[in-house]
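Participant: 3D, please:
(one chain, ligands or ions: 1)
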Amino acid sequence: MEITAGFDLVPKLSPSSEDQSSWNTFISQLRSRYTSPNPQNVEFKENYILFNMKHGVEQQQPACMIPYAGHKFLRFSCSDINLKNDGDFLFVLYTVCGIAKNVFGKRVRWWRDDLCEDGEGFYSWEEVWGSWRCYDELNEPDPPVQPQVPPPSLFEIQTIPFKGRGLVATAYIPTGTRILTESPLFTIPSPPIPSLEASISKTLKTLPEEKQTAYHSLHNNYPPDSPQTPVLSGIFKTNALPCGYNSTVAGIYPTICLINHSCIPNTHHNWNENLEQETIHAIRPIKVGEELTISYISESISQPRRRKLKECFGFDCQCQLCTSTPKQLESSDERRRQIMELDGSIMSDAGSIDSNPIDCLKDCKRLLALLKQEYDGSAVNFEGGVYYDAFRVCIRQGDQARAKVMVGRAYEMRVLCEGEDSESSRDLKRLRRNPTVHKMYGLSMGSKSEVGDVPEGLEREEFEKWLWRS
Ligand SMILES: C[S@@+](CC[C@H](N)C(=O)[O-])C[C@H]1O[C@@H](n2cnc3c(N)ncnc32)[C@H](O)[C@@H]1O
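Facilitator: Numbers count the residues shown, from 1 in each chain. This is a model prediction of the structure:
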């Protein structure tokens, strides 16, 4: 059996002197490891180190190179490794990867194409070939380090009636725009630990003064003399956002924590593991002067939702939905009741998707229609999840054609909410490339089709009929 394996560096290095200095450490450790005697036949060329193993077949270039300019590097890999005969190549890959891990820690992502979990690495081969090509620009000086000019801001801080400060759009923001990325001032385990106050105090002392000031400038929704919730804990509880879905760690951000809640938000917040930053994306077009909002809680009907916001966050929600007329609120509650019911039935169907795939797909279609009505076009996050459920129904049946379309839509929606560089966008992209790598592929083969069976040239309506047919 022949495999391709290697490692990617995520995120890639910038041309900054700090990043290049870490890269120089890596290069000098490689030099010490691979100077003569040199059993692996490693050559130190003018601009890169060449490991004479195998050659990248597709682009006719040696794949196993490490450039001296760190910002050019995306991947070190070797293709067509015969597991029986090419043990030496694999050993070199492991060794170089181990040295890289010493310097760059979890930025280094090891992968093997025969193992589904880590698939074919983080970057696409097009991106990687592009990076390899620029190793050959031998005597070209490195690009000058650009001063960090922040892009023009898409928002400003304003006072919002009944909500304190908030962020307001200063330009038209199209759907999918990455409005903001921000590193946490600090992170702390969540739910809060008993010694929260002491723990925050200790953490703050390790931070530079401007970060401490930024923390103290955040809103505290608890009375400042509250014995149960002293000031530092009050600020934390008012502002902390979990670092990822179901994460036990929460972060505090100087700007993102100024974004108010809405039960129909126009942006999506996400912890991007690769950037180690929180991102904010527009999930519908946002007009100049509109407030940017996120959702602090998972969706539900008005009464429990408002109770939860009051109990957990201490405020009476003044969002567009909560301040709408009783009639509008009632209609919204009715739709949300149906949404939760359908969602629950699809989820509980997970074990029996196989026994009732037709009903499951019908539920998905109905759920998409309800989400459109309720969220006024800003439900891409939920819709993406529904398309992913529909994908699982199809791929379980061996129906690759419909599965590919479903996962393609799930991917596009995830990119709108999180960008291409989020972990789940990458996972979905991999599934879109080859739906059969999903662990549920073909568990029943009740509706087998090939990827090439996706019909071409159909009008939108006809295509949807094909996609959702029973
Ligand atoms: C994370 S802070 C948001 C920024 C805050 N408005 C400020 O002035 O710094 C959360 C606090 O903002 C206010 N807030 C956020 N969303 C709100 C909403 N939908 N209705 C009323 N108040 C809200 C509440 O006081 C809440 O405790």
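
Participant: what does the stretch 301-450 of the chain have sitting close to the ligand?
Facilitator: Residues of the stretch 301-450 of the chain lying close to the ligand (CB under 6 Å from any ligand atom) are 313-315, 317-319. No exception for glycine: its C-beta is placed from N, CA and C like everyone else's.

Participant: tell me the centre residue of this structure?
Facilitator: Against the mean C-alpha coordinate of the chain, by CA atoms, centre = their mean, the closest residue is S422 at 2.3 Å.

Participant: you'd agree it is up against N274?
Facilitator: Yes. Using CB atoms under 8 Å, S422 makes contact with N274 at a distance of 7.1 Å.

Participant: what residues are up against the residue of the chain found nearest the ligand?
Facilitator: Minimum separation of the chain from the ligand (CB to the nearest ligand atom) falls at G164, amounting to 2.7 Å. The neighbours of G164, taking CB atoms under 8 Å, 6 or more residues apart in numbering as the test, are 219, 260.

Participant: ok, now I264?
Facilitator: I264 neighbours (CB under 8 Å, 6+ apart): 319-321, 374-376, 378.

Participant: what does the pLDDT read for it?
Facilitator: You'll see I264 listed with a pLDDT of 95.

Participant: okay, it and E276: tell me how far apart.
Facilitator: Distance of I264 to E276, given as CB to CB, to the nearest Å: 29 Å.

Participant: returning to what we had before: now, which of the contacts of I264 lie within helices?
Facilitator: 374-375 (DSSP state H).

Participant: got a quick ChimeraX command for the buried subset of the contacts of I264?
Facilitator: Those of the contacts of I264 that count as buried under 16 or more other CB atoms under 10 Å are selected in ChimeraX with:
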select :319,321,374,375,378
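
Participant: pLDDT and distance to K45 added to the contacts of I264, as TSV?
Facilitator: Below are these laid out as TSV (pLDDT from 0 to 100; distance: CB to CB, whole Å):
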residue	pLDDT	distance to K45
C319	96	60
Q320	94	61
L321	95	62
E374	94	60
Y375	91	56
D376	81	58
S378	88	53
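
Participant: quick revisit: mind listing what the residue nearest to the centre of the chain touches?
Facilitator: Here S422 is in contact with 270, 272-274, 279, 414 (criterion: CB under 8 Å, 6+ apart).

Participant: repeat the analysis, applying 7 Å as the threshold.
Facilitator: 270, 272 (CB atoms under 7 Å, 6 or more residues apart in numbering).

Participant: how about low-confidence regions in the stretch 251-400 of the chain?
Facilitator: Applying pLDDT under 70 to the stretch 251-400 of the chain flags the ranges 349-355.

Participant: strands of that one, start to end?
Facilitator: 260-261, 267-272, 277-282, 293-294 (DSSP state E, counting those that start in this stretch).

Participant: I'd like those written out as CSV, with distance to S124 and mean neighbour count added.
Facilitator: Listed next are the strands of the stretch 251-400 of the chain as CSV, based on distance: least, CB to CB, whole Å; neighbours: other CB atoms under 10 Å:
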stretch, distance to S124, mean neighbour count
strand 260-261, 37, 20
strand 267-272, 18, 23
strand 277-282, 21, 23
strand 293-294, 30, 21
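
Participant: in a markdown table: these, plus distance to G457.
Facilitator: Listed next are these as a markdown table, based on distance: least, CB to CB, whole Å:
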| stretch | distance to G457 |
| --- | --- |
| strand 260-261 | 45 |
| strand 267-272 | 34 |
| strand 277-282 | 33 |
| strand 293-294 | 41 |
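
Participant: nearest to F76, out of those?
Facilitator: strand 267-272 (23.8 Å; CB to CB).

Participant: does any part of the closest one sit near the ligand?
Facilitator: No. No part of strand 267-272 sits close enough to the ligand to count as contact by CB under 6 Å from any ligand atom; the gap is at least 11.2 Å.

Participant: listing partners with orientation, what would you give for that strand?
Facilitator: With DSSP bridges as the test, strand 267-272 is paired with strand 277-282 (antiparallel).

Participant: show residues contacting the strand it pairs with.
Facilitator: 173-184, 241, 251, 253, 256, 266-272, 416-419.

Participant: most neighbours among the residues of the stretch 301-450 of the chain next to the ligand, please name it.
Facilitator: In terms of neighbour count, C317 stands highest of those at 23 neighbours, by other CB atoms under 10 Å.

Participant: tell me how far the closest residue to that one other than its chain neighbours lies from W23.
Facilitator: Nearest residue to C317, sequence neighbours excluded (CB to CB, 6 or more residues apart in numbering): L309, at 5.0 Å. When distance is defined by CB to CB, L309 is 47 Å away from W23.

Participant: out of those two, which sits in the busier spot?
Facilitator: Between L309 and W23, W23 has the larger neighbour count (other CB under 10 Å), namely 23 against 19.

Participant: quick one: end-to-end distance for stretch 104-122.
Facilitator: Using CA to CA, to the nearest Å, one end of stretch 104-122 lies 16 Å from the other.

Participant: now stretch 243-254
Facilitator: Counting by CA to CA, the terminal residues of stretch 243-254 are separated by 15 Å.

Participant: ditto for stretch 280-288
Facilitator: 17 Å.

Participant: returning to that earlier point: the residues of the stretch 301-450 of the chain next to the ligand: which two are farthest apart?
Facilitator: Going by CB to CB, the pair spanning these furthest: G314 and C319, at 15.5 Å.

Participant: hmm, which of the contacts of strand 277-282 are the buried ones?
Facilitator: In those, burial by neighbour count holds for 173, 175-182, 184, 241, 251, 253, 256, 266-272, 416-419, counting by 16+ other CB under 10 Å.

Participant: what number of residues lie near M445?
Facilitator: Using other CB under 10 Å, M445 is surrounded by 11 other residues.

Participant: list the contacts of the nearest residue to it once chain neighbours are set aside.
Facilitator: Spatial nearest neighbour of M445, excluding adjacent residues (CB to CB, 6+ apart): G398 at 3.9 Å. Contacts of G398 were listed using CB under 7 Å, 6+ apart, and they are 442, 445, 447-448.
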